[in-house]
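> Quick one: sequence and predicted model below, then my questions.
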Amino acid sequence: MGLTNAPRYIIIHGIEKTIKLMKNLYIVDYWVPFPQSEYGGIINVIAETDSEVFDLLSADDSFNETYIDRIMPNVKKAQKFPLMDGHESGIIEAFVT
C-alpha cells in the first residue's frame, strides 16, 4: 500500500474538489539501538504524511528490518519542515552508523 503523488479528490454535493497535501521535510533519528548502530544517525525524507514516511523507510532494503517496530515512534518525533510545491516523495539522504 504505497502512497502516490497524485492529488486526492473528494466530492461535495456533486462537485469534485482536488485536495493537494503539502509535502514536508522530515528529519528522522535512526531507530536502530547501540551496539548495532554505534552512534545512531539521521535520515532526511520528503513526504506528505507520517504514514508515507514509514512506508518509504520500512521498504528500503538498506536499513536493518529487525527494528521496524521502532520506525513510527521516531517518525512521530521527527522535526518537520513544510516545503513548497514540486518535491517528489522519497529518502533524500541518510547518515547512519
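Received it, and whenever you're ready, just let me know what you need. Numbering: from 1, shown residues only.
> so where's the protein uncertain?
Within the chain, the set of residues satisfying pLDDT under 70 comprises 1-20, 33-34, 36-37, 39.
> Which parts of this protein are helices?
Per DSSP state H, the chain carries helices over the ranges 50-59, 71-77.
> Check the offset of the first one from the chain's centre.
Looking back up the chat, that one is helix 50-59. Centroid separation for helix 50-59 versus its chain: 5 Å, with Cα atoms, centre = their mean, to the nearest Å.
> go on, the last one?
Between the mean C-alpha point of helix 71-77 and the mean C-alpha point of its chain there is a distance of 9 Å (Cα atoms, centre = their mean).
> could the helices of the chain go into CSV alongside mean neighbour count and distance to residue 25?
Quick note: C-beta positions are derived from backbone N, CA and C, even for glycine. Formatted as CSV, the helices of the chain follow (neighbours: other Cβ atoms under 10 Å; distance: least, Cβ to Cβ, whole Å):
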stretch, mean neighbour count, distance to residue 25
helix 50-59, 18, 10
helix 71-77, 16, 13
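> So which of those is nearest residue 40?
Closest to residue 40 of the helices of the chain is helix 71-77 (Cβ to Cβ; 10.3 Å).
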